[in-house]
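In: Please work out how this folds:
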Amino acid sequence: KVAPDADQDQSTVAEGANRHIRVLIVDDNEGDYVLVKSLLGAGPVVDYDVRWLPGGEGISEHIADIRPDICLIDYSLAGETGLELIQSVAHLYPRLPSVLLTGESDPGIDAAALQAGAADFIEKSRFDARDLDRTIRYAIEQKRVEGDLAERAETDALTGLYNRAGFSKRLQQAMAVADRTERYLGVLFIDLDRFKHVNDSLGHAVGDALLRAVSDRIRSCCRATDVVARMGGDEFAVIATHMKEPSLSWYLAEKIVAAFDAPFEIGGHVVHAGASIGVTTYPVDYGTAEQLLMNADMALYRAKEEGRHRFAMFDRGMESAAKLRQLTGSELHRAIEQDELFLEYQPIVAAQTGIVEAIEALVRWDHPDGIRYPESFIEIAETSNLMSRLGEWVLREACGMAARRIAAGTDPLRVTVNLSAAQLAAPDLVGVVQMILAETKLPAELLELEITETVMIPNFADGARVLARLREIGVGISIDDFGTGYTALQML
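Out: Presented below is the predicted three-dimensional model:
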């Protein structure tokens, strides 16, 4: 560490003297450069390595070549002011401190220097070796502290990866580099499969340990120049930088998916956690940093649709599909509010006797463009958090119809209603069912809830407990489409 004040104790001073400080002086007056260099050579503590750039042109290349610890930039440069150069350096190299050198005693220039991003300013006519040495070391230390604070603000505390803010900032920087170098970059959006099941069944401590292990495994697949971030929850993202070909991002996605084939050993538990990945490339898939993230998210949605534990590449057709899902979600919200939904009933007939034993409630949507069937909107309801409302509406309508049949004097018939994964996972499902039975005055034994294997599999233990409670209050349970998914007799 470099002491910010020359009056620090000798141990700190000695620590600062153990290193060189590389200084880049940008000044079109060679006499000023010689003066500053001589003053730094007479400094009491630090060994300075001083370089000179006569004017601001090419400063970015000089910084990349010599990697200075600080830039001293003169206010009066041919063709531009040092303020413009300081602003440029602050934008391109945010961790590199700059100090403005000025021959004028003008508070306006001082204030403008700080606004432009300078760490400090020095009047040439008033500084000596000690003041110059202290200013440089203070500016470096100040920038280091600021950088550490900014880094902590952009770091995920659990995994040590960048967080969403840090990722977004580095994506913008990577896009600027890609434009300048005419290279490609890839954005990978990664979502863990079945992470909620791990949290619910093994506890949050195991879940947190799994997230740390996942971050290590993703990093092991990436290069040192790639950026890895945890975006929140069980979502991760990667920026694959400096790619010569767009296809390299596909290979990275394939590598990460394959890396998740092996289970994780967490606290004595063997945990299987697959990864679904959406991939977009820049500038092939043009847009802002925010748009690239949206592209990768749309591709991730496709990967999940196709069966999870795989990756999908973004294509422009996904934008249309995403807009359609958004539109349908908005229209479905309105449909629930404005009673555009209705139920049709399908008889369930005993094959041996031909007797109708029950009726199944099937939801329909009286859309302005024509009747719509569940396959066109149920999945959208689940992903747009409308499934609980829709499911409750269907349950209330079906129970009400069955109760009205009894009140009209017809033979009672059992009514069956499909239960979605979102409803089964809701903590208040049993209470909602009891409330609706009480409201409609339908006996519990005349209600049967249908589930599919795929609804039960993601969180079998919790689902089984909920079904057991429903059975206790008299509601029937049936398995729909048994044998078309994860058939296992132990599930019965």
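In: show me where pLDDT drops low in this structure?
Out: Counting by pLDDT under 70, the chain shows low-confidence ranges at 1-19, 42-46, 79, 317-329, 383-385, 453-461, 481-492.
In: which strand is the longest one in it?
Out: strand 356-367 (DSSP state E).
In: Show residues contacting that strand.
Out: Strand 356-367 is contacted from outside by 331-332, 335, 340-350, 371-374, 376-377, 390, 394, 397-398, 401-402, 413-418, 448, 450, using CB atoms under 8 Å, 6 or more residues apart in numbering. Placement of C-beta: from N, CA and C, glycine included.
In: residue furthest from the geometric center of this structure?
Out: Here the chain reaches farthest from its C-alpha mean at Gly409, the gap being 57.5 Å by CA atoms, centre = their mean.
In: Tell me how far that one lies from Glu445.
Out: 19 Å (CB to CB, to the nearest Å).
In: Ile436 too?
Out: 15 Å.
In: The two - which one has more neighbours?
Out: A side-by-side neighbour count of Ile436 and Glu445, using other CB atoms under 10 Å, places Ile436 first with 18 against 12.
In: next structured bit after the helix or strand harbouring that one?
Out: Element membership of Ile436 [criterion: DSSP states H and E] is helix 429-440. Sequence-wise, the next helix or strand downstream of helix 429-440 (DSSP H and E) is strand 447-452.
In: picking up where we left off before, check the offset of the longest strand of the chain from the chain's centre.
Out: 40 Å (CA atoms, centre = their mean, to the nearest Å).
In: same check, this time on stretch 366-382
Out: 30 Å.
In: same check, this time on stretch 439-458
Out: That offset, for stretch 439-458, works out to 36 Å (CA atoms, centre = their mean).
In: Just the C-alpha atoms of it, please, in CSV.
Out: Coordinates of each C-alpha in stretch 439-458 appear next as CSV, following Å, rounded to 0.1, in the frame of the first residue of the first chain:
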residue,chain,number,x,y,z
GLU,A,439,-69.1,-21.0,-0.1
THR,A,440,-70.7,-23.3,-2.7
LYS,A,441,-72.0,-25.8,-0.1
LEU,A,442,-70.6,-28.7,-2.2
PRO,A,443,-69.8,-31.9,-0.3
ALA,A,444,-66.0,-32.5,-0.4
GLU,A,445,-66.5,-36.0,-1.7
LEU,A,446,-68.1,-34.6,-4.9
LEU,A,447,-64.8,-32.8,-5.7
GLU,A,448,-61.9,-34.5,-7.3
LEU,A,449,-58.6,-32.8,-8.2
GLU,A,450,-56.6,-34.1,-11.1
ILE,A,451,-52.8,-33.8,-11.2
THR,A,452,-50.2,-34.9,-13.7
GLU,A,453,-46.9,-36.7,-13.0
THR,A,454,-45.0,-33.6,-14.3
VAL,A,455,-46.8,-31.4,-11.7
MET,A,456,-45.7,-33.7,-8.8
ILE,A,457,-42.1,-34.6,-9.8
PRO,A,458,-40.4,-31.2,-9.2
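In: give the contact list for Phe121.
Out: Neighbour list for Phe121: 99-102, 109-110, 113-114 [criterion: CB under 8 Å, 6+ apart].
In: Phi, psi for Glu61 please.
Out: phi -70, psi -40 (degrees, to the nearest 10).
In: Next: Glu472.
Out: According to degrees, to the nearest 10, Glu472 has phi -60, psi -30.
In: What number of residues are in the vicinity of it?
Out: 10.
In: rewinding a little: kindly indicate whether the residue farthest from the centre of the chain is helix, strand or coil.
Out: Of the three states, Gly409 takes coil under DSSP: H, G, I helix; E, B strand; the rest coil.
In: Repeat that for Val177.
Out: helix.
In: Now that it has come up, it's in contact with Thr241, right?
Out: Yes. With contact defined as CB atoms under 8 Å, Val177 counts as touching Thr241 (7.2 Å).
In: Would you quantify the distance from the residue nearest to Ile336 when sequence neighbours are not counted to Ala426?
Out: Distances taken as CB to CB, 6 or more residues apart in numbering put Arg389 closest to Ile336, at 5.9 Å, once the chain neighbours are dropped. Distance, Arg389 to Ala426, by CB to CB: 11 Å.
In: again, but for Gln352
Out: 37 Å.
In: Between those two, point out the one with more neighbours.
Out: Higher neighbour count among Gln352 and Ala426: Ala426, with 17 against 6, using other CB under 10 Å.
In: residues contacting the more buried one?
Out: 388, 432.
In: if we go to 7 Å?
Out: Ser388 (CB atoms under 7 Å, 6 or more residues apart in numbering).
In: Kindly list the main-chain dihedrals of it?
Out: phi -70, psi 130.
In: How about Ile122?
Out: Dihedral angles for Ile122 - degrees, to the nearest 10 - are phi -130, psi 130.
In: what about it, how many neighbours?
Out: 20.
In: likewise Leu161?
Out: So Leu161, with other CB under 10 Å, has 24 neighbours.
In: Could you find the closest non-adjacent residue to it?
Out: Nearest non-adjacent residue to Leu161, counting by CB to CB, 6+ apart: Arg230, 4.7 Å away.
In: and that neighbour, what does it touch?
Out: Here Arg230 is in contact with 156, 159, 161, 163, 215, 236 (CB under 7 Å, 6+ apart).
In: May I see the residues you listed arranged in CSV, with secondary structure as well?
Out: Formatted as CSV, the contacts of Arg230 follow (three-state DSSP):
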residue, secondary structure
Asp156, coil
Thr159, coil
Leu161, coil
Asn163, coil
Ser215, helix
Phe236, strand
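In: where does Arg308 fall, phi/psi-wise?
Out: Dihedral angles (degrees, to the nearest 10) for Arg308: phi 70, psi 170.
In: Wait, His20 touches Asp47, no?
Out: Yes. Using CB atoms under 7 Å, His20 is in contact with Asp47, at 5.1 Å.
In: Now do the shared contacts for these two.
Out: Common neighbours of His20 and Asp47, using CB under 7 Å, 6+ apart, do not exist here.
In: so which strand or helix has the one residue sitting closest to the centre of the chain?
Out: Geometric centre of the chain, nearest residue: Met231, 2.8 Å, by CA atoms, centre = their mean. Assigning secondary structure by DSSP H and E places Met231 in strand 227-232.
In: Could you do Ala139 as well?
Out: Going by DSSP H and E, Ala139 is part of helix 129-153.
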